[in-house]
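Trainee: I would like the atomic coordinates for the input below:
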Amino acid sequence: MQPIPIGLTPFQHEGKLNGILISGRWPESTLEWTQTLVGSVRIACRPGFLPTTTIFGVVEQRPAQGGDNTVGMMVAIGNVIDDSFVEAGRFLNNPPALVMLHPPSQTRPSLPECSEVASGCVLLPGLPELGLEHRAGWAEAEADGTVVNLRNEVGIDPNADPDTAVLAMLLAA
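Mentor: Numbers count the residues shown, from 1 in each chain. Here you go, the predicted structure:
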């Protein structure tokens, strides 16, 4: 039996990406969260859809306006230009994941032959004091959907990477 697929549907406000509905089921592993990140990065590649690096908090509540198979959403909580995410992030209560998306205008491609690459990071917070390690995934994709770079890691030190450091700071705020 095939597992139920994970669906992603962007929603916007005033022409800008405001969040992504998650449907079907929740990602169940680091790999599935990173695959969800790849889909989100592909959405961020759409011209003008994501004007600046934006942080999204994962909310496990099913939104009223979502379809019957919607399980939750990633909601834009702010951008890193003005630190608006720190204040907005205080409304998140133990999110299962935080996501940072960088539009093509703010991504330096890892391969010189690639252009219009968006990138992102997903942080799956752990509880190291209880033996549950932090996990993370990083992805880069071109506007045509080609995955340029994909990486997962378990047992990360959030301070060792700029994206995970910002996301961990939000969790601590």
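Trainee: ok, the spatially most central residue of the chain to E142 distance?
Mentor: The residue lying closest to the centre of the chain (Cα atoms, centre = their mean) is V99, at 2.7 Å. From V99 over to E142 the distance is 19 Å, taken as Cβ to Cβ, to the nearest Å. Bear in mind the C-beta positions are built from the backbone N, C-alpha and C, glycine included.
Trainee: Kindly report the same for F11.
Mentor: Going from F11 to E142 by Cβ to Cβ gives 23 Å.
Trainee: Wasn't G57 part of a strand?
Mentor: Yes - applying DSSP: H, G, I helix; E, B strand; the rest coil, one finds G57 inside a strand.
Trainee: Of all the strand elements in this structure, which one is longest?
Mentor: Ranked by residue count and defined by DSSP state E, the top strand of the chain is strand 70-79.
Trainee: With just CA atoms, put that strand into CSV.
Mentor: Below are the C-alpha coordinates for strand 70-79, written out as CSV (Å, rounded to 0.1, in the frame of the first residue of the first chain):
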residue,chain,number,x,y,z
THR,A,70,-5.4,19.7,5.2
VAL,A,71,-3.4,18.7,8.3
GLY,A,72,-1.7,22.0,9.1
MET,A,73,0.4,24.8,7.6
MET,A,74,3.6,26.7,7.4
VAL,A,75,2.8,30.3,8.2
ALA,A,76,5.1,33.2,7.4
ILE,A,77,6.1,34.8,10.7
GLY,A,78,8.5,37.4,9.4
ASN,A,79,11.6,38.2,7.4
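Trainee: now the helices: where do they sit in this protein?
Mentor: Taking DSSP state H, the helices of the chain run over residues 30-44, 84-89, 162-172.
Trainee: higher neighbour count, F11 and E142?
Mentor: Of the pair F11 and E142, E142 is the one with more neighbours under other Cβ atoms under 10 Å, namely 19 against 15.
Trainee: Tell me which residues are up against stretch 53-62.
Mentor: With contacts defined as Cβ atoms under 8 Å, 6 or more residues apart in numbering, stretch 53-62 is touched by 17, 19-20, 22, 26, 40, 70-81, 85, 89, 92, 95-103, 106, 166-167, 170.
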